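Enquirer: everything below, folded, please.
(one chain, ligands or ions: 1)
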Amino acid sequence: MTDKQTILSELENGVKSLQQEAAVEAAKKAVAAGVSPVEAIEHGLAKGIREVGEKFERKEMFVVELIYAATIMEEAIKVLEPALKASKEKRHSTGRFVLGTVAGDIHDIGKNLVRIMLEASGFEVYDLGKDAPTENFIAKAKEVGASLVGTSSLMTTTVEVQKEVVDALRAAGIKAPAMVGGAAASDEWAKEIGAIYASDAGSAVTVAKQLLGKGA
Ligand code: HCB
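Expert: Just a heads-up that it's a prediction; the model follows:
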């Protein structure tokens, strides 16, 4: 049987060397070997895609390769998704979470992981998708009586929109805590705009539960 470290390396390599079949096979191995799906994503696939991003930044990879790497990651996540959902038992509602990638930003892999993890932890998630207009966050938060509103932003050009969402929520009298995440966000940024930062999908769940007094 292949050990966990080998499987994690295979997941990472599948994404960074643009080998879809290898990544999907490694995801199947991870499920069969009982590797935690969260670990498979965070320490395997996500490591691979971040390296692709760095290569893209250094102009060692083209945007088409970046797009393909993202597709590979999504295909491998599909294999892990049932295990991810099964890994958490609770089904009663922990809270109502409105989530989306802000206007102007089409990155949604991380946001989708956050959704999957929140759902697996019993949250009712209202996913506004990517490139979601600010007014949609406000309208949905009002409609469902959101307990939390989370935004994702991956680019320096869209991170300001997270502030726009927080300001619009407060202007509309919505007191639900705002969470920010994505590569362009940081703890410092969150504090500046009156939000709470979550660095990854696991901490998004932990922080959300703490905020709602449901324990980590
Ligand atoms: Co994209 N891209 N990209 N990209 N992309 C980044 C983000 C750059 C940093 C790459 C670079 O130059 N180094 C860069 C942004 C630079 C900047 O602003 N400083 C960039 C650029 C420039 C662009 C385009 C403009 C490229 C172009 O067309 N010339 C374009 C964007 C167009 C637009 O949005 N209007 C673009 C397109 C793409 C795709 C389509 C090829 C693809 C996205 C596919 C998709 O999402 N469906 C893509 C990808 C994959 C990336 C990188 C390589 C990886 C992003 C990713 O999926 N990471 C990224 C490089 C990087 O981030 N280092 C690069 C893995 C996930 C799991 O991590 O951080 O998103 P995450 O999410 C975590 C965490 O942050 C947290 O939990 C998640 C899970 O642990 N979290 C939250 C996320 N959201 C949260 C919300 C919460 O409330 C709480 C926690």
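
Enquirer: residues from the chain in reach of the ligand?
Expert: Residues of the chain lying close to the ligand by Cβ under 6 Å from any ligand atom are 46, 49-50, 52-53, 56-57, 63, 66-67, 70, 104-111, 113-114, 150-152, 154-157, 179-183, 198, 200-201, 204. Where C-beta positions appear, they are placed from N, C-alpha and C, glycine not excepted.

Enquirer: quick one: the least confident helix or strand in the chain by mean pLDDT to chain centroid distance?
Expert: Across the helices and strands of the chain, mean pLDDT, DSSP states H and E gives its lowest value to helix 109-120, namely a mean of 83. Distance of helix 109-120 from its chain centroid, counting by Cα atoms, centre = their mean, to the nearest Å, is 5 Å.

Enquirer: buried ones in the longest helix seen in the chain?
Expert: Criterion DSSP state H: the longest helix present in the chain is helix 63-86. By 16 or more other Cβ atoms under 10 Å, the buried positions in helix 63-86 come out as 66, 68-70, 72-73, 76-77, 79-81, 83-84.

Enquirer: helix or strand right after that helix?
Expert: strand 95-101 (DSSP states H and E).

Enquirer: partner strands of that following strand, with direction?
Expert: Applying DSSP bridges, strand 95-101 is found paired with strand 123-127 (parallel), strand 148-152 (parallel).

Enquirer: which of those is buried the deepest?
Expert: Mean neighbour count (mean count of other Cβ atoms under 10 Å) peaks for strand 148-152 among the strands paired with strand 95-101, with a mean of 29.

Enquirer: orientation of that strand relative to helix 109-120 in degrees?
Expert: If you take axes from the mean of the first three to the mean of the last three Cα atoms, to 10 degrees, strand 148-152 sits at 150 degrees to helix 109-120.

Enquirer: pull the next helix or strand after strand 148-152 out as PDB, backbone CA atoms only.
Expert: Next helix or strand after strand 148-152 toward the C-terminus (DSSP H and E): helix 159-171. Provided in PDB are the C-alpha atoms of helix 159-171 (Å, rounded to 0.1, in the frame of the first residue of the first chain):
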ATOM      1  CA  VAL A 159      -9.400  43.000  -2.400                       C
ATOM      2  CA  GLU A 160     -10.900  46.400  -1.900                       C
ATOM      3  CA  VAL A 161     -14.300  45.000  -2.800                       C
ATOM      4  CA  GLN A 162     -14.200  43.000   0.400                       C
ATOM      5  CA  LYS A 163     -14.300  46.400   2.200                       C
ATOM      6  CA  GLU A 164     -17.100  47.500  -0.100                       C
ATOM      7  CA  VAL A 165     -19.100  44.400   1.000                       C
ATOM      8  CA  VAL A 166     -18.500  45.000   4.700                       C
ATOM      9  CA  ASP A 167     -19.400  48.700   4.400                       C
ATOM     10  CA  ALA A 168     -22.600  47.900   2.500                       C
ATOM     11  CA  LEU A 169     -23.600  45.300   5.100                       C
ATOM     12  CA  ARG A 170     -23.200  47.800   7.900                       C
ATOM     13  CA  ALA A 171     -25.000  50.500   5.900                       C
END
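
Enquirer: buried set for helix 159-171?
Expert: Those would be 159, 161, 162, 163, 164, 165, 166, 168, 169, for helix 159-171 by 16+ other Cβ under 10 Å.

Enquirer: just to check, the first one is in contact with residue 186?
Expert: No - using Cβ atoms under 8 Å, residue 159 makes no contact with residue 186, being 9.0 Å away.
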